[in-house]
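Undergrad: what follows is a predicted structure for the sequence shown.
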Amino acid sequence: GTEAQRAFHIPRILAGEEVWCQGFSEPVAGSDLAGLQTRAERDGDDYVVNGHKIWTSFAQVADYCEMLVRTDPNSSKHAGISWLIMPMDLDGIDVRPLPTLEGEGEFSEVFLEDVEFTMTFRRKLMQRMLEDEDWRVLYSVFSTTDRVQHMMYRFYDPAHPMYDAEEAARKVTFFGEEIELRDAIPAIYRQMDSIVGEAMEALRDDDTLMLCADHGFTSYRRGMHVNNWLASEGFLTLKEGLDSTAGGFAAIDWSKTQAYSLGLGMVFLNLEGREPAGIVKLDDARGVLEQIQERFLAAEDEGRKVGSSATIIQDVYEGPMAWGSKDYPCSDLMLGFAEFYRVSWSTVGGGLPVTRDDSNAVVPKPTYSDNTNLWSGDHASNDPNVVTGIFFCSRKVTSEDGAFSVMDIAPTVLSRLGAPLPAALDRPALSFD
């Protein structure tokens, strides 16, 4: 801190006049600061902080929090992190006790309930710009409907593993009305509808309003450990005689492995000439991908279909990089999960959870597991047809193929402005009656 901050706080800390807590750990990242998700955005002389901290000892009695936040999302994951002094009496800070086994609330979950603040702030920005007629294109983003669904599906979906009927019925004040937590998702859409209504009322005769969401949502109840599933199907093999239960790529016998998974539903072949220990020949690659595709679409968990689509990227990608080369920018296969399913949290980082069987041998853990994370709603790795976004327009509009896509926005805006359309655009402009 600055000299002035040290001169003010240190004597009060030593005298016991100030209590501080530490805002480092988070629900998803844990104590891994490289995975820090709480962010702070500069707003004049202030920072607007959005995020979620957990295991914050004595937060319920603290005067200040020393909080680590991400201030530069474009930096590497180990950089762009700042240390803030946050007064704990600020509006928007919600401190919730996490009782210990003895029933004591020593640990507290600090959930920065800034949804209302953020949406109201962005609403005012939009209103101000609508009043200012010095623009030809006004582009406004509202992300709060997305954030609320990610975090609140565990209250909305009674079949979610984290659903607690008593907690879902807990009443809170949200945008001036008293609601139950189970109603937070409908409530945020009522707010969004109101904002859209304001924009429509402000339209001039020659204005066009387009409203587009690039995805929808579903409850994320169960996750597939994709590398474990590949192992169960014979496409991935563990090393023999493993001593460690750390799992991951280090546990894989690459000389016997045809495919592995990393990211949000991405499957990569262990391709000869591309991967360090590749064994799948380019001539055989298509056949292996089609086998994985077929088996994924047939996969079931507790009698429920898990897969909804599986796309061989070579069939849809058009670009300068040749498939099979080291510079190819995509995975080889993209899995699209059915409603209520997603890749597991461990799969995103290339995880392969293992355990010991009755003979003490290291084996893959079961393929499926409940999602017990607070991040309870999602769209990532779902079949796009399961989580379809919406498109609304203030004018009657048609497209050449009868479908509408987020990729229609750029050519349509350019066309309305009378600007030339780049040849690289995949879709033409929409037509207006």
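TA: Nice, I can see it. Numbers count the residues shown, from 1 in each chain.

Undergrad: going forward, measure contacts between C-alpha atoms and count neighbours the same way
TA: Fine.

Undergrad: pLDDT wise, what is Glu275 at?
TA: If you check Glu275, the pLDDT there is 94.

Undergrad: ok, what's across the strand from it?
TA: Judged by DSSP bridges, the bridge partners of Glu275 are Glu272.

Undergrad: ok, Ile179 next?
TA: Assigned bridge partners for Ile179, using DSSP bridges, are Val172.

Undergrad: distance check, it against Asp301.
TA: 35 Å (C-alpha to C-alpha, to the nearest Å).

Undergrad: cool, and Ala7?
TA: Distance of Ala7 to Asp301, computed by C-alpha to C-alpha: 60 Å.

Undergrad: who touches Ala423 in this structure?
TA: Going by C-alpha atoms under 8 Å, 6 or more residues apart in numbering, Ala423 touches no other residue.

Undergrad: what helix or strand is it located in?
TA: Element membership for Ala423, per DSSP states H and E: none, as it lies in no helix or strand.

Undergrad: gap between it and Pro411?
TA: 10 Å.

Undergrad: so for Ile179 and Asp301, which residue has more residues nearby?
TA: Ile179 (16 against 13; other C-alpha atoms under 10 Å).

Undergrad: pull out the buried positions in stretch 17-27.
TA: The neighbour-count check on stretch 17-27 (16 or more other C-alpha atoms under 10 Å) flags Trp20, Cys21, Gln22, Gly23, Phe24, Ser25, Glu26, Pro27 as buried.

Undergrad: my guess is the fourth one contacts Met67, does it?
TA: Yes: counting by C-alpha atoms under 8 Å, a contact exists between Gly23 and Met67, whose distance comes to 4.4 Å.

Undergrad: now do the end-to-end distance for stretch 370-389.
TA: Span of stretch 370-389 from end to end, C-alpha to C-alpha: 26 Å.

Undergrad: residues touching it, excluding its own?
TA: 27-28, 149-154, 160-162, 212-223, 264-265, 308-309, 335-339, 341-344.

Undergrad: where does the stretch 51-200 of the chain dip in pLDDT?
TA: Along the stretch 51-200 of the chain, the model assigns pLDDT under 70 to residues 97-114.

Undergrad: what are the ranges of the strands in it?
TA: 52-53, 64-70, 81-87, 93-98, 107-112, 171-174, 177-180 (DSSP state E, counting those that start in this stretch).

Undergrad: okay, these, which one's buried deepest?
TA: strand 52-53 (a mean of 24; mean count of other C-alpha atoms under 10 Å).

Undergrad: just checking: what are the partner strands of it?
TA: strand 107-112 (antiparallel).

Undergrad: which residues of the stretch 301-433 of the chain score low on pLDDT?
TA: Ranges of the stretch 301-433 of the chain meeting pLDDT under 70: none found.

Undergrad: can you do 80?
TA: Along the stretch 301-433 of the chain, the parts satisfying pLDDT under 80 run over 318, 433.

Undergrad: can you give me the helices for it?
TA: 345-348, 409-417 (DSSP state H, counting those that start in this stretch).

Undergrad: can you check the stretch 1-150 of the chain too?
TA: Here the stretch 1-150 of the chain has its helices, by DSSP H, counting those that start in this stretch, at 3-14, 115-131, 144-156.

Undergrad: residues making contact with the last one?
TA: For helix 144-156, contacts defined as C-alpha under 8 Å, 6+ apart pick out 115, 118-119, 160-165, 167-168, 181-185, 188-189, 192, 217, 219, 374-378.

Undergrad: change it to 6 Å
TA: Residues from elsewhere that reach helix 144-156, judged by C-alpha atoms under 6 Å, 6 or more residues apart in numbering: His160, Met162, Tyr163, Ala168, Arg182, Ser219, Leu374, Trp375, Ser376, Gly377, Asp378.

Undergrad: same check, this time on stretch 217-231
TA: So stretch 217-231 is contacted by 153, 160, 236-237, 260-261, 340-344, 347, 352, 364, 367-371, 376-379, 387 (C-alpha under 6 Å, 6+ apart).

Undergrad: can you check the distance spanned by it, start to finish?
TA: 29 Å.

Undergrad: now do stretch 262-282
TA: Termini of stretch 262-282 sit 20 Å apart (C-alpha to C-alpha).

Undergrad: got the buried residues for that stretch?
TA: 262-272, 274-275, 278-281.

Undergrad: just these: which are in strands?
TA: Met266, Val267, Phe268, Leu269 (DSSP state E).

Undergrad: closest to Gly35 among these?
TA: Closest to Gly35 out of those is Met266 (20.3 Å), distances taken as C-alpha to C-alpha.

Undergrad: do I have it right that that closest one meets Met334?
TA: Yes: the pair Met266 / Met334 is scored as a contact, 4.9 Å apart, by C-alpha atoms under 6 Å.

Undergrad: Leu242: neighbour count?
TA: Neighbour tally, Leu242, other C-alpha under 10 Å: 16.

Undergrad: correction: Gln191
TA: Neighbours around Gln191, by other C-alpha under 10 Å: 17.

Undergrad: relative to Gly197, how far out is it?
TA: Taking C-alpha to C-alpha, one finds Gln191 at 10 Å from Gly197.

Undergrad: what does Leu352 give?
TA: Distance, Leu352 to Gly197, using C-alpha to C-alpha: 48 Å.

Undergrad: higher neighbour count, those two?
TA: Neighbours per residue (other C-alpha under 10 Å) separate Leu352 from Gly197, with Leu352 holding more: 28 against 11.

Undergrad: and for that one, nearest residue in space, chain neighbours not counted?
TA: Gly248 (4.5 Å; C-alpha to C-alpha, 6 or more residues apart in numbering).

Undergrad: just checking, the one you found touches Val348?
TA: No: counting by C-alpha under 6 Å, Gly248 stays clear of Val348, with 11.2 Å between them.

Undergrad: near Leu90, how many other residues are there?
TA: Neighbours of Leu90 using other C-alpha under 10 Å come to 9.

Undergrad: where does Leu236 land in three-state SS?
TA: Following DSSP: H, G, I helix; E, B strand; the rest coil, Leu236 is assigned to coil.
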